[in-house]
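>>> Kindly return the folded structure for what I paste below:
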Amino acid sequence: MQPIRVISRPLLAGVLGLSSLAAPCHASQDAPRKRSVLFYLVDTCRADHLSVYGSERKSTPFLEEIAAKGVVFEQCRSQAPWTKPSMASMLTSRYPGELGIYMLFQTLDDSYVTLPEALAGAGYFAAGFAANPLMGAFSNYDQGFEYFVESTVINQGDPINFASGSAAKLNAKIGPWIKENESWPLFLYVHSVDPHEEYEPAPEYLAQFADPADTERYRDEWRQLLKSRPPIPGLHLTSDNFERTQIDPKWFIEHGKKLYDADILANDTEIERLWSMLQEEGWGEDVVLVLMSDHGEEFFEHGGTSHGYGLYDELVHVPLIIYAPGLLPEGRRISNPVRSLDVYPTLCDLLGIEAPPGLQGRSLLPLIEGDPEWQDLPVMSEKTEDPGGRRARSGMGVGLSLIQDGWKLISNLRSSDGRNLPRYELFNLSRDPGEQENLAGVHPDRVEQMDVALMEWSARNLGLAPTSSTAPEGVDPEVLEQLRALGYLGDDEEEAESSPDALSPLARALLEGDDRWTVLVLGPKSDDEVRGRTFGNWSVSGRRIVRDPRREALLKLLYMGVSQADDAELAPSAPTCGIQAGHSGHDLKLFISFEPPSLYPVVDGTPLGVVPLASSVVPGIRALFEETGLDFPE
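Numbers count the residues shown, from 1 in each chain. Sure thing, here's the model as predicted:
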């Protein structure tokens, strides 16, 4: 893995299928020049801790100045609560589930046209500087950049190698490069990680919000809390850790928030310094600035710390600010719900670039311009765990969330380790923005309606893409060390490397098995025998789908429809659904019956258990069967 990667423009043009591509240069003074783009992503930065979003602490004075001249989206959600899937979604304008990105060692497939690729195809020179090891060649997220500086270069030689102080180190690399590089127009991507754990702001920022004398106590308690956990990757804490150590969670969490906000202030200061550098180099107003984050951070609002373990707004509500002088109105604040994956098509629209086909986001320009025909779309987010994390007792859990008409539904398909979440959580965001009052039991009809929408969306969007889940060859050991320090790896990266990708975690959560699956459909067809087996009036028609490219989506969808047997609601009219699943020899068999499962077949001496499916999953299964070529019994 090369820490700094440079791609020749002819090679990039070939990848994009362009017949010719002029080298970018400074435009002549006789013709108006194109705008360059500064795309600044602050990792792990939740919206409500920025003063530009209403935080009481003055954490973002510079961004407040930018917001006064630009557009602030007050209700932007990321599509995942941690970096790997969220960045994949932002770079491609596709949902993580479609991309199949949810595991640490997976890489983005080359077939997707990323945002930097699209801009490079329009004559932009795409340069990236990232302080997070996940954003780069490790994930194939440097795809489309002509010049990319990896985190190993950014962090080299500094005792704070991973998070706090990253923005200053980024500027130390970007400044000299900007002075030497005359490419125009430029797409400059910057990815800092200052607010990421373990929150170690420099003294001048620490003193703004916290008593420096408390720092030693905080660090000592943090060490005690981490020691109270099993030897697992990550920095995630739950109430169990505080009970084991008898540490006061209120004081610890409040002090952690102060450090976190001080890191945000430090990052804001460095964004201002970078902006000044660019102005000194003559960028002027020929610029588009995008400021956003990949996900947030939780501070025990729902029983845990860190990120990746939930779909609450502290984890998916992220800042999004766009400043484009002369192109966008000044001081506009937009309260409509939007998505991180909308940024890609919005930039293309703003710059007059044709967006590539297949994007799942949409341009926000009509919304900004006040189009009276604008209609909000449902906002989805996903949480799908790496199977290796579950085996290591640090599973993030599995779930989906939907925001629609001011309501938010969280469908917890599997709780994260250390938490016991209800199957459904429903929140009225206008009255309860902190998501503290679960109204699922009060509004069952709304839960059902939103759950059906989730199921239909899942059938269309989950698990359709090729990915690789094994560690790329020649991974820089320093990258692995940075991943470990950021909490992505435990002490043994082989555990993560060996996580299989043949089945999604959703399917594994249904049956803790392997990838040798046979899907059999049971229906009241007659007494004809299939595979030599007949169960009364039930016959078994089978199709092995291990190599079917849509098998993962099918298995995900089936798992999503499983609810607790005690309170499952079967479809009210035939055909109804139930899963009859069991292990036969070396094959796992998933039986799908389309009438009330009243018989319990035995395969090779193994009785098959019955788990009913919620009625909301039936339409999605029907649609997916049609796409996969499986007969749906009528």
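>>> Quick check: which ranges of the stretch 351-500 of the chain have low pLDDT?
386-395, 417-418, 459-500 (pLDDT under 70).
>>> Run through the helices of it in chain order.
365-368, 387-391, 444-461, 477-485, 493-497 (DSSP state H, counting those that start in this stretch).
>>> Run a quick neighbour tally on D313.
A total of 26 residues lie near D313 under the criterion other Cβ atoms under 10 Å. Every residue, glycine included, has its C-beta placed from N, CA and C.
>>> I'd guessed it sits against P433; true?
Yes - using Cβ atoms under 8 Å, D313 is in contact with P433, at 7.1 Å.
>>> Report the beta-bridge partners for the closest residue to S411 other than its chain neighbours.
Leaving out its chain neighbours, the residue that sits closest to S411 by Cβ to Cβ, 6 or more residues apart in numbering is L400, at 4.8 Å. Per DSSP bridges, the residues bridged to L400 are E382, S411.
>>> do you know how far the spatially closest residue to H236 that is not a sequence neighbour is from W275?
Spatial nearest neighbour of H236, excluding adjacent residues (Cβ to Cβ, 6+ apart): S306 at 4.3 Å. Separation of S306 from W275 (Cβ to Cβ, to the nearest Å): 30 Å.
>>> And Y141, by the same measure?
Per Cβ to Cβ, Y141 is found 24 Å from W275.
>>> Looking at the two, which is more packed in?
Y141 (29 against 19).
>>> For the more buried one, which residues are in contact?
87-88, 91, 108, 114, 134-135 (Cβ atoms under 8 Å, 6 or more residues apart in numbering).
>>> let's go with 6 Å and repeat that
87, 135 (Cβ atoms under 6 Å, 6 or more residues apart in numbering).
>>> I figured the residue nearest to H236 hits R229, correct?
No - if you go by Cβ atoms under 6 Å, S306 and R229 don't touch, sitting 11.6 Å apart.
>>> who has more neighbours, those two?
S306 (22 against 19).
>>> What values do phi and psi take at that one?
phi 80, psi -150 (degrees, to the nearest 10).
>>> Any idea what it is bridged to?
Applying DSSP bridges, one finds that S306 bridges with E298.
>>> Distance of it relative to T44?
In terms of Cβ to Cβ, S306 sits 9 Å off from T44.
>>> what's the spacing between S51 and Y323?
17 Å.
>>> between these two, which one's more packed in?
Neighbours were counted for S51 and for Y323 using other Cβ under 10 Å; Y323 has more, 24 against 19.
>>> and the gap between the spatially closest residue to that one that is not a sequence neighbour and L328?
Sequence neighbours aside, G70 is the residue nearest to Y323 in space, at 3.3 Å (criterion: Cβ to Cβ, 6+ apart). Going from G70 to L328 by Cβ to Cβ gives 6 Å.
>>> Spell out the residue ranges of the strands in the stretch 101-250 of the chain.
125-130, 147-149, 186-192 (DSSP state E, counting those that start in this stretch).
>>> JSON lines for the ones you listed, including distance to W222, mean neighbour count and mean pLDDT?
Shown next, in JSON lines, are the strands of the stretch 101-250 of the chain (distance: least, Cβ to Cβ, whole Å; neighbours: other Cβ atoms under 10 Å; pLDDT from 0 to 100):
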{"stretch": "strand 125-130", "distance to W222": "26", "mean neighbour count": "25", "mean pLDDT": "96"}
{"stretch": "strand 147-149", "distance to W222": "30", "mean neighbour count": "23", "mean pLDDT": "95"}
{"stretch": "strand 186-192", "distance to W222": "22", "mean neighbour count": "26", "mean pLDDT": "97"}
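>>> out of those, which comes closest to A167?
Closest to A167 of the strands of the stretch 101-250 of the chain, according to Cβ to Cβ: strand 186-192, at 4.2 Å.
>>> Walk me through which strands the closest one pairs with, and which way each runs.
Partners of strand 186-192 in its sheet, by DSSP bridges: strand 36-42 (parallel), strand 125-130 (parallel).
>>> all helices for the stretch 201-350 of the chain, in order.
203-209, 215-227, 239-245, 249-280, 313-316, 343-351.
>>> and among those helices, the most buried is which?
helix 313-316 (a mean of 26; mean count of other Cβ atoms under 10 Å).
>>> E437 versus N181, what's the distance?
Distance from N181 to E437, counting by Cβ to Cβ: 53 Å.
>>> So these two - more neighbours on which side?
Neighbour totals were compared for N181 and E437, and N181 leads with 15 against 12 (other Cβ under 10 Å).
>>> Report the beta-bridge partner residues of F427.
With DSSP bridges as the rule, F427 is bridged to K408.
>>> Just give me the neighbour total for it.
Neighbour count of F427, defined by other Cβ under 10 Å: 24.
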